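**Q** 3D, please:
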Amino acid sequence: MKKQRTTSNRATGATQSHARRGVALLAIPTLLLAGCAAGPDFVKPDAPAVTSYDRDLLPKPERGGQRFDEGVGPAAQWWRSFGSSQLDAVVAQGLADNPGLQAAEASLRASRENLVAGAGIFYPQVSATFSQTRQAASPATAVGQNSGAIVNLSTLSASVSYALDLFGGQRRGVEALGAQVDEQRARTLGAYMTLTGNIVNTSIAIAAYREELDEFDRLIAIEKDQIAIATKQYQAGLSNYSAVLALQSQLDALEASVPPVRQKLSQAEHLLATLVGKTPAEWPTPDLRLSAISLPERVPLSLPSELVRQRPDILAAEAQLHAANAEIGVATAALYPSFTLTGSYGRTGNQPGDLADPANRLWSIGGNIAEPIFNGGALRAKRRAANDLRDQSLALYRQTVLAAFAQVADLIRALEHDAEAVQAESRAIESARLALDLIQANYKAGMVNYLQVILADIQYRQAKIGYLQAKAQQMQDTAAMYVALGGGWQNDETAKKKAGM
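**A** The predicted structure is shown next:
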């Protein structure tokens, strides 16, 4: 009995040796084709061959205006250039608690796990099985002394399978998953930069609305004084009642213009609470004032060739193009045979203790080749569809680039026109102030009545409201420029951490 077992072991060893040589022979094509993969390799699209964003020259800064730093990208945490500690604190809270940004981060983590799961295809798939059964053989089918007997059967086995990626379809599939990670990383950066831009934009709007309302309150008070004087003049028989009615109509129109501004302020405050991850009822809005926010004197202006490498939406479109390109390889590899190696080893017996007996071993080794022969043209149609989707992604990428360049060009001109508007409003304020000073001096000298002083004061307050609106627009367009250039995430460690870089 012992001699027979030794012979069996030798036979088993010889068979296993042949099996190992068979596996080695099957692995040769894998080694030869390890560097090959079906479908085209991805090549990043070239940046547009332009050196400027607009055909016209950059605007020259007027005295006290902004200057463009050509070839310089946005700095990290660009919002600090506005010089407001309150603004910095609001942005920090938004980055910590905004649900939209948290959702983007979670989506990025999920895409990474999908990549890890997809890359598992490159490793052998190993599984272990243990089964315990009790069965009775039918007398009609069983032969021998076990006919009709009840039998216990214990089996412990392990199996291994490995898919040979001879044509690179699996590699292209994992490449597509990697591109999806890149896309989600870019979208997370985009969510980060969009959030900071929205917080800064909304904060500036709140600050401007509050100062506008202060000026409206002063205007209304002045208008009421003017009506009181006109009423006394009418009562004294020095003027007609129509003058009082005209002033009252002017006051009514002024008071009617206040509620829309208050509504805009409320909406902006509610939006800012949402951006920082709070409900309007639980978050007190900081007392932001436009006078406490500084306009950056120097505005970055990245080179066009750099813009396509730093704007998150362009990077996301590029990653989509990469994934679509990889899918062509997946569809191409599906046209060719697939190869799988399998093997199993185990032991079986009537009792669990029999599993320790080497004589009760069982094993198998083999390979499988599957060749698509006829499928009604489905596989080739899928490959053509993959090519079409790649073309679509390329067109969408180009559209994204064109829109980005147009946005930067728009903002360059917007800042130019904003500077002109602010300069004009500043001159209007200066003229109104000089006129008010002159009339006040004449009033003290008894040369004019107080009604003329009130009229001059009204013109001065109206000029200030126009200036506040122009200044707020200039600041908002400046913030939009920082975001349009990519937001400086390359130098921002917080942004990189959010994107897992």
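**Q** against residue 415, how distant is the residue nearest the centre of the chain?
**A** Compute the mean C-alpha point of the chain, and by Cα atoms, centre = their mean the closest residue is residue 187, 2.4 Å away. As for residue 187, its distance to residue 415 is 28 Å (criterion: Cβ to Cβ, to the nearest Å). The C-beta positions use only the backbone N, C-alpha and C, and glycine is treated the same way.
**Q** now the nearest residue to residue 372 once chain neighbours are set aside: how far from residue 177?
**A** Nearest non-adjacent residue to residue 372, counting by Cβ to Cβ, 6 or more residues apart in numbering: residue 379, 6.0 Å away. Per Cβ to Cβ, residue 379 is found 21 Å from residue 177.
**Q** who's more crowded, these two?
**A** A side-by-side neighbour count of residue 379 and residue 177, using other Cβ atoms under 10 Å, places residue 177 first with 19 against 15.
**Q** tell me which element residue 438 falls in.
**A** helix 378-444 (DSSP states H and E).
**Q** now that helix: mean pLDDT?
**A** Mean per-residue pLDDT for helix 378-444: 93.
**Q** in terms of secondary structure, what does the next helix-or-strand element following that helix contact?
**A** Toward the C-terminal end, the helix or strand that comes next after helix 378-444 (DSSP H and E) is helix 450-484. Contacting helix 450-484 under the criterion 3 or more Cβ pairs under 8 Å, 6 or more residues apart in numbering; DSSP states H and E are the following elements: helix 169-235, strand 298-301, helix 378-444.
**Q** can I get the ones you listed in JSON lines including distance to residue 90?
**A** Below are those laid out as JSON lines (distance: least, Cβ to Cβ, whole Å):
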{"stretch": "helix 169-235", "distance to residue 90": "6"}
{"stretch": "strand 298-301", "distance to residue 90": "22"}
{"stretch": "helix 378-444", "distance to residue 90": "23"}
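**Q** residue 132: which of those is closest?
**A** Residue 132 lies closest to helix 169-235 among the helices and strands packed on helix 450-484, at 36.4 Å (Cβ to Cβ).
**Q** other SSEs contacting the closest one?
**A** When contacts are defined as 3+ Cβ pairs under 8 Å, 6+ apart, helix 169-235 packs onto helix 85-97, helix 99-119, helix 241-256, helix 258-275, helix 312-333, helix 450-484, helix 493-498.
**Q** so which of those is the most packed in?
**A** Burial of the helices and strands packed on helix 169-235 is given as mean neighbour count (mean count of other Cβ atoms under 10 Å); helix 312-333 ranks first at a mean of 23.
**Q** let me know the angle separating that helix from helix 378-444.
**A** 180 degrees (axes from the mean of the first three to the mean of the last three Cα atoms, to 10 degrees).
**Q** now do helix 312-333, average pLDDT.
**A** Averaged over helix 312-333, pLDDT sits at 95.
**Q** same question, stretch 274-285
**A** Across stretch 274-285, pLDDT averages out at 94.
**Q** buried residues in it, which are they?
**A** For stretch 274-285, the neighbour count (16 or more other Cβ atoms under 10 Å) marks 274, 275, 276, 277, 278, 283, 285 as buried.
**Q** what's the distance between the last one and residue 93?
**A** Right, the one you point to is residue 285. Per Cβ to Cβ, residue 285 is found 12 Å from residue 93.
**Q** coming back round to it: nearest to residue 358 among the helices and strands packed on helix 169-235 would be which one?
**A** That would be, of the helices and strands packed on helix 169-235 and by Cβ to Cβ, helix 99-119, which comes in at 37.0 Å.
**Q** adjacent strands (with direction) for whatever helix or strand comes next after the closest one?
**A** Next along the chain after helix 99-119, taking DSSP H and E as the criterion, comes strand 125-136. Applying DSSP bridges, strand 125-136 is found paired with strand 150-164 (antiparallel).
**Q** quick one: the partner strand to chain centroid distance?
**A** For strand 150-164, the separation from the chain centroid amounts to 48 Å (computed by Cα atoms, centre = their mean, to the nearest Å).
**Q** ok, residues contacting that strand?
**A** By Cβ atoms under 8 Å, 6 or more residues apart in numbering, the residues outside strand 150-164 that reach it are 26-27, 29-30, 121, 124-137, 170, 338-352, 354-355, 362.
**Q** weed out the non-buried ones from these.
**A** When the contacts of strand 150-164 are checked for burial by 16+ other Cβ under 10 Å, the buried set is 170, 338, 339, 341, 342, 343, 344, 346, 347, 348, 349, 355.
**Q** JSON lines for the residues you listed, including distance to residue 403?
**A** Below are the buried ones among the contacts of strand 150-164 laid out as JSON lines (distance: Cβ to Cβ, whole Å):
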{"residue": "170", "distance to residue 403": "36"}
{"residue": "338", "distance to residue 403": "42"}
{"residue": "339", "distance to residue 403": "46"}
{"residue": "341", "distance to residue 403": "50"}
{"residue": "342", "distance to residue 403": "52"}
{"residue": "343", "distance to residue 403": "55"}
{"residue": "344", "distance to residue 403": "57"}
{"residue": "346", "distance to residue 403": "61"}
{"residue": "347", "distance to residue 403": "66"}
{"residue": "348", "distance to residue 403": "67"}
{"residue": "349", "distance to residue 403": "71"}
{"residue": "355", "distance to residue 403": "68"}
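**Q** in helices only, show me those.
**A** Among these, the ones falling in helices (DSSP state H) are residue 170.
**Q** the buried ones among the contacts of strand 150-164 in strands, which ones?
**A** In this view, the buried ones among the contacts of strand 150-164 that belong to strands under DSSP state E are 338, 339, 341, 342, 343, 344, 346, 347, 348, 349.
**Q** show me what contacts the first one?
**A** Read it as residue 338. Counting by Cβ under 8 Å, 6+ apart, residue 338 makes contact with 163, 164, 169, 369, 370.
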